[in-house]
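Chemist: here's a sequence, model it:
(6 chains)
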Number of protein chains: 4
Amino acid sequence: MTSADRVRRAAIRLFAEKGFHGTGIRDLAQAANLSSASLYHYMGTKEELLAGIMRECLERLLEGAGKATEGVTDPRERLGRLVALHVMSHALRPDETRVVDNELRALSPAAQEPVVRLRDAYEQLWATAIADGIASGVFSAGEPSITRLALLEMCNGVSRWYSPRGPLTLESLAAEYAGLAMRALMSAGKGPDPDLRYCRAVVADVWNTPNPHAAPCSDGITGGRSKGD
Amino acid sequence: MTSADRVRRAAIRLFAEKGFHGTGIRDLAQAANLSSASLYHYMGTKEELLAGIMRECLERLLEGAGKATEGVTDPRERLGRLVALHVMSHALRPDETRVVDNELRALSPAAQEPVVRLRDAYEQLWATAIADGIASGVFSAGEPSITRLALLEMCNGVSRWYSPRGPLTLESLAAEYAGLAMRALMSAGKGPDPDLRYCRAVVADVWNTPNPHAAPCSDGITGGRSKGD
Amino acid sequence: MTSADRVRRAAIRLFAEKGFHGTGIRDLAQAANLSSASLYHYMGTKEELLAGIMRECLERLLEGAGKATEGVTDPRERLGRLVALHVMSHALRPDETRVVDNELRALSPAAQEPVVRLRDAYEQLWATAIADGIASGVFSAGEPSITRLALLEMCNGVSRWYSPRGPLTLESLAAEYAGLAMRALMSAGKGPDPDLRYCRAVVADVWNTPNPHAAPCSDGITGGRSKGD
Amino acid sequence: MTSADRVRRAAIRLFAEKGFHGTGIRDLAQAANLSSASLYHYMGTKEELLAGIMRECLERLLEGAGKATEGVTDPRERLGRLVALHVMSHALRPDETRVVDNELRALSPAAQEPVVRLRDAYEQLWATAIADGIASGVFSAGEPSITRLALLEMCNGVSRWYSPRGPLTLESLAAEYAGLAMRALMSAGKGPDPDLRYCRAVVADVWNTPNPHAAPCSDGITGGRSKGD
DNA sequence: CATGAATGAGTCTTCATTCAT
DNA sequence: CATGAATGAAGACTCATTCAT
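Modeler: Here you go, the predicted structure:
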């Protein structure tokens, strides 16, 4: 393993563990067994290091998602594979994926741009699969964007509690999540609605918030989230 | 509004936006229209400020969840209300909830403890509802802990893309998420499994990872995630 | 006891315990049971507070020394009383005297001046007693200034280890010190000189210092020490 | 001279001159011709810098005292050498010794501990010499602990008025102090006791203190002074 | 009298980064 | 390659002091 690799690995681990702003250049140096000055032989600035990690991770994710879904016509199979791949990658590389999922805001706008582009391209695969499923009638989602974001966040969570020790195989884990996603999207109308009016009242009460008749909430999201997250 | 409130509000907004370590004491002072020295009339240390925000937010969430579910016997209704409340609170208070969901690791172990206790108490409500539903046969989840975490993460996501402007009412949003959760838990076996073997191969290929026969993945989680997240 | 007294007492105690620079205005306020703003009703600046304490203590010492020695013709009796008074005051008021003995340097030159004047007037009483004793042949000191300083420092030490609990009465303590001083000044030639040449060599060795034939050392002191101590 | 040495020298000089709390990191930096950030290449915290200075100085003193007295059986010679060494070191290194003698309280309890241990070991040499002299009848001291402290404080004073310019050689100075000490310890009963009753009355009068019949004063000191001084 | 509010200047310390060796 | 040395800017936090109330 080269020194450059050691630096990158250390960065991934520490950025995941303590966050970009919570990680000092000296922490990196120590974790990479280098002096802090030597670090700069293998990286640009700290920000470039982060940007590189994010880009590379997203490129792999995008590449994998492309490979896994190309030529697959059934939207259910396509979405299922996206879920499985996403979960597997988050279970296998929890540090990298946590960095990607959490540290976008630490980048300057200029450095965010290419990362956001990659993320959007990746999410577009999800959006298309969901839209196709709805169009062909196999999915019965409400708002497609919300559905996409809900599923993505659900899968992202894997990287936070993953531990390589445990009886569940990667495939079982992926199957579990794929099942959750499929069922959520396929069987409309199942189950009773909770008493939303009461929940709303409780929320209004606990947070001392006025209980307007129509507190609006965005559903105009199409391509992704706001900049910086 | 008192100055103390202004400080707290500024902190919530900035911690949510830039993270705890990304927010300087001067940022806080500027946002609260105070000198950085005056800040210390209204807060202890920066860490105590964060801890207080997290505790208060979790206490409200716990209180609300208690109110919304007490006396409700049907596990489906109970879980539905938890989902609805969680989504509503995250939509209504995206900043506070993002801080709670993301900044736990910024606290020292000593300061984490009471926060983790609150979080665990809250999640216990979810765990019980899920377990009861499984026991009574209305839910058909695989691993209950995984299910709980998956649903929680899914709902957490709301605070990341929420915008108060938009046609969707809070109730509609909550209904959407409750529906996703209900369907995911209730209709087992729906939908085809994706080709996991192929997905696994793609993952192994893209990440240059050996493809062991039994890459294990934790399912032994019961009470919550590891400390610090 | 008035508030002003409480402030002064708190200051004496804290300045003695932690030093002038080690004592914050908030420490004073807390010890005096006042808010830090209220403090300024009873004092000028922190420096003026210190200067006042030192002046008052020295004035008392000077007054007491005057009373105790006026009209006493025997230099031995005069010096004995000075020693006794000094020791008693240091035992009785360890905090005040420690402040006087240690914190002169914390004052600005302008504020030092009157304090130094008082100190010098007080030491002059010692100097005169010693000089008279030498002149009349009852004392056989080497360098009078050195003797004076040596005795003063010896007596100052009392305030550092004094504790009001213990079997020794104030008079016994004073008698002990007076005895030390008298004997030191009266019986010349008693006792063997230590091997100074060897001591000098050890010093030179341990401190890596050249061992010059005549490392000179001040004996030109007449009226007191350098400014600031 | 290395930069680390320059830092240490600057610290010794400034701590002696203005005290630990009166010396800012910027003062140190300026005196060492470094930026305040560069300072931290050569030191840990300011407190560690102080602790190191004190430890080193005391180690030298202890080493020197050991060398000077080992094998010496006559307690008078032993004590004489201790006095001479102590005086010489204080005359030669007034800054270091003033720091040792005055700044112990500036250290946290944890940092004080090893310093106090060294100090106590050093004072034990004095205590033993005095005790041996009393036991063999050559010294006629009252309370040995008081004697030890009185002599030590007397000698400490040297570092306060020392100036390398002056006609007195180091040996003469040491001889003077050794003479004072020897005489103080050897010829009991010499000289009249001052009128203590009257002194006590003056003290009571000037300080407005009740004149109890038996104002007690500690003589139970055995191993040293209280922590922090 | 008493104090909460306020602050500019200061505290010690760490930051990411550069550069001569 | 590798790193000690170096630093301006910034980090969180405290200082002594003032003043309106």
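
Chemist: all contacts plus neighbour counts: C-alpha atoms, from now on.
Modeler: Fine.

Chemist: what's near enough to touch residue A:114?
Modeler: residue A:55 (C-alpha atoms under 8 Å, 6 or more residues apart in numbering or on different chains).

Chemist: which SSE is it in?
Modeler: helix A:109-135 (DSSP states H and E).

Chemist: ok, residue A:175 touching residue B:195?
Modeler: No - with contact defined as C-alpha atoms under 8 Å, residue A:175 and residue B:195 do not form a contacting pair (9.5 Å).

Chemist: more neighbours: which of the two?
Modeler: For residue A:175 and residue B:195, the more surrounded residue by other C-alpha atoms under 10 Å in any protein chain shown is residue A:175, and the numbers stand at 23 against 16.

Chemist: follow-up on the earlier one: buried residues in the helix holding residue A:114, which are they?
Modeler: A:111-112, A:115-116, A:118-134 (16 or more other C-alpha atoms under 10 Å in any protein chain shown).

Chemist: also stretch A:74-87?
Modeler: So stretch A:74-87, judged by 16+ other C-alpha under 10 Å, has buried residues A:75-87.

Chemist: ok so, going back, avg pLDDT for the helix holding residue A:114?
Modeler: Per-residue pLDDT values over helix A:109-135 give a mean of 96.

Chemist: over to stretch A:26-44?
Modeler: 95.

Chemist: what residues of it count as buried?
Modeler: Those would be A:28-29, A:31-32, A:36, A:39, A:43, for stretch A:26-44 by 16+ other C-alpha under 10 Å.

Chemist: how about those residues, which pair is most distant?
Modeler: Greatest spatial distance in the buried residues of stretch A:26-44: A:31 and A:43, 14.6 Å, computed using C-alpha to C-alpha.

Chemist: get me the contact residues on chain A for DNA strand E.
Modeler: A:21, A:23-26, A:36-38, A:40, A:45-47 (C-alpha under 7 Å from any atom of the strand).

Chemist: list of residues touching stretch A:9-21?
Modeler: Counting by C-alpha under 8 Å, 6+ apart, A:22-23, A:27-28, A:31-32, A:49-50, A:53, A:95-96, A:98-99, A:103, A:106, B:21-22, B:105-106 sit against stretch A:9-21.

Chemist: could you chop chain A up by domain?
Modeler: According to automatic domain parsing, chain A comprises the domains A:1-43, A:52-206.

Chemist: excluding its backbone neighbours, what's nearest residue A:35?
Modeler: Closest residue in space to residue A:35, ignoring its immediate chain neighbours: residue A:29 at 5.5 Å, by C-alpha to C-alpha, 6 or more residues apart in numbering or on different chains.

Chemist: the one you found and chain B: what is the separation?
Modeler: Applying C-alpha to the nearest C-alpha, to the nearest Å, the value for residue A:29 to chain B is 20 Å.

Chemist: tell me which element that residue is part of?
Modeler: Counting by DSSP H and E, residue A:29 is part of helix A:25-31.

Chemist: immediately after that helix, which helix or strand?
Modeler: That would be, after helix A:25-31 and using DSSP H and E, helix A:46-69.

Chemist: tell me where the model's unsure across chain A.
Modeler: A:188-191, A:209-229 (pLDDT under 70).

Chemist: what is the neighbour count of residue A:2?
Modeler: Using other C-alpha under 10 Å: residue A:2 sits among 8 other residues.
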